[in-house]
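Student: this one's structure only:
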């Protein structure tokens, strides 16, 4: 498994291949529905969107002795209405779960962005790969507040790469009518 | 024979609910782990198989660390079978259940995910109440409580439909297939499919949820429904969607069906998709 460090260089981004599992280290920003709504309504993104990947997640509270609670990905498709604007602002890497529409996939390709899929429902394991959490905006949103997480060898799969590779199209061909 | 009323305090119910809910969210989840381990052994190499490994490791990690399996500790869906001789002595059943959910949320560090009002401000209630409570009044002096922590990722790709009355099993299979093809990758597969057939608009949904409570590996008591379950599971596994949607042999672990009588002009059906972790627990007081 390859280790990839954030910020992900252009060369590194180019080399990612759909279906590949990588271990991601460095800072990511958490944001989901409510935070996206606020970011786009206020016009203020409280982190450097060009270098820091967005992780679609709303962690559970940290028990004593833990940096963070369970912290797996939420469904990316819910963020699709916000994605065109975020790509325009320079978003290059997204971490989430589940397939998104073909239209969104084409936009990712157009803007040279990569979609990474973390394992949905694997929040306890994810928690052990997070070294710190710092809330940077909208604390009142609770689990939906924007925070910066420091990842260390966080396992993700390359879902959409820069070369039209798509992890969600690795299906048995025989019975698939799609 | 004269039976006496059995008094159960709200506190006893709250304690039981809190322990079930926290236990469901954290584990251990031995039957799911065993099932996934069997699926892993059959899976072809590829990202789907690697995702399965992560799912299994995650269940172990949760049980070891006391962290919830998933950050989405769900809507707490609570089924209560209340014997006719049981009387909650000092509060309503709903208050006792909600107190238990709140205690578990705060003490076991579960995520509060309920917001109100659903339109507009959507303010978090901060203790994951209210629970969704389904009560059945039965004969006897027992109080059976089952708690299902139902995540939104899988709930959002579920579907309730009023089918034409003669749509038959083909109509059910089509509905399950459309849910899985459109949404399985968002629901953390391999999933369990709960199906409620019959009843009416609201009961088919409750039935589908209740169907999910059947233990892993247990067969349907109605042979024809057992056949239909197998047919659905096999057909949808042939899609190749696989674990996490990354491709593979198993998209559906099991299909579980319950049925009820319905109006001659209707065939209400709910297909309820449940994530791989299937966080459920029950007890009898």
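Tutor: Arrived safely, thanks for sending. What you see is a predicted model; the values in this text were computed from it and never measured.

Student: all contacts plus neighbour counts: C-alpha atoms, from now on.
Tutor: Noted.

Student: Per-residue pLDDT of residue B:3, please?
Tutor: Residue B:3 carries a pLDDT value of 78.

Student: for chain A, what spans make up the helices?
Tutor: Taking DSSP state H, the helices of chain A run over residues A:10-15, A:33-42, A:83-88, A:102-111, A:123-127.

Student: immediately after the longest helix along chain B, which helix or strand?
Tutor: The longest helix of chain B (DSSP H) is helix B:47-65. Using DSSP states H and E, the helix or strand that follows helix B:47-65 towards the C-terminus is strand B:75-83.

Student: you'd agree residue B:176 is in a strand?
Tutor: No. Assignment of residue B:176 by DSSP: H, G, I helix; E, B strand; the rest coil gives helix, placing it outside any strand.

Student: I'd like the distance between it and residue A:77.
Tutor: According to Cα to Cα, to the nearest Å, residue B:176 and residue A:77 sit 20 Å apart.

Student: Looking only at neighbour counts, state which of these two leads.
Tutor: Set residue B:176 next to residue A:77 and count neighbours by other Cα atoms under 10 Å in any protein chain shown: residue B:176 wins out with 26 against 16.

Student: With adjacent residues omitted, what lies nearest to the more buried one?
Tutor: Excluding the flanking residues, the one nearest residue B:176 by Cα to Cα, 6 or more residues apart in numbering or on different chains is residue B:271, at 6.2 Å.

Student: which helices and strands sit right next to the helix or strand hosting that neighbour?
Tutor: Per DSSP H and E, residue B:271 falls inside strand B:267-274. Judged by 3 or more Cα pairs under 8 Å, 6 or more residues apart in numbering or on different chains; DSSP states H and E, strand B:267-274 is in contact with helix B:152-155, strand B:159-163, helix B:168-183, strand B:191-199, helix B:201-211.

Student: Mind checking the pLDDT average for the longest helix of chain B?
Tutor: What helix B:47-65 shows for mean pLDDT is 98.

Student: just how off-centre is stretch B:266-278 within its chain?
Tutor: Relative to its chain's centre, stretch B:266-278 lies at 9 Å (Cα atoms, centre = their mean, to the nearest Å).

Student: List the residues that contact residue A:126.
Tutor: A:70-72, A:154-155 (Cα atoms under 8 Å, 6 or more residues apart in numbering or on different chains).

Student: Nearest to chain B among these?
Tutor: Set against chain B, the nearest of these by Cα to the nearest Cα is residue A:70 (4.5 Å).

Student: What is the neighbour count of the residue nearest to residue B:59 when sequence neighbours are not counted?
Tutor: Sequence neighbours aside, residue B:69 is the residue nearest to residue B:59 in space, at 6.1 Å (criterion: Cα to Cα, 6+ apart). A total of 34 residues lie near residue B:69 under the criterion other Cα under 10 Å.

Student: And the strands in chain A?
Tutor: Secondary structure of chain A by DSSP state E: the strands cover A:2-5, A:21-30, A:54-55, A:93-96, A:114-117, A:130-137, A:146-160.

Student: Kindly provide the whole-number mean pLDDT of the fourth one.
Tutor: Same thing as strand A:93-96. For strand A:93-96, the mean pLDDT works out to 98.

Student: Against which helices or strands is it packed?
Tutor: Secondary-structure packing of strand A:93-96 (3+ Cα pairs under 8 Å, 6+ apart): strand A:54-55, strand A:114-117.

Student: give the contact list for residue 162.
Tutor: In the absence of a named chain, this looks at chain A. Residue A:162 is in contact with A:13-14, A:16-17, A:109, A:112-114, counting by Cα under 8 Å, 6+ apart.

Student: try again with chain B
Tutor: Residues near residue B:162 by Cα under 8 Å, 6+ apart: B:201, B:266-269.

Student: roughly how far apart are the most centrally placed residue in chain A and residue A:73?
Tutor: For chain A, the residue nearest the mean C-alpha position is residue A:95 (1.5 Å; Cα atoms, centre = their mean). Residue A:95 is 7 Å from residue A:73, where distance means Cα to Cα.

Student: Common neighbours of those two, please.
Tutor: Common contacts of residue A:95 and residue A:73 (Cα under 8 Å, 6+ apart): A:55-56, A:117-118.

Student: Tabulate those (JSON lines), appending distance to residue B:119.
Tutor: Below are these laid out as JSON lines (distance: Cα to Cα, whole Å):
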{"residue": "A:55", "distance to residue B:119": "25"}
{"residue": "A:56", "distance to residue B:119": "22"}
{"residue": "A:117", "distance to residue B:119": "30"}
{"residue": "A:118", "distance to residue B:119": "30"}
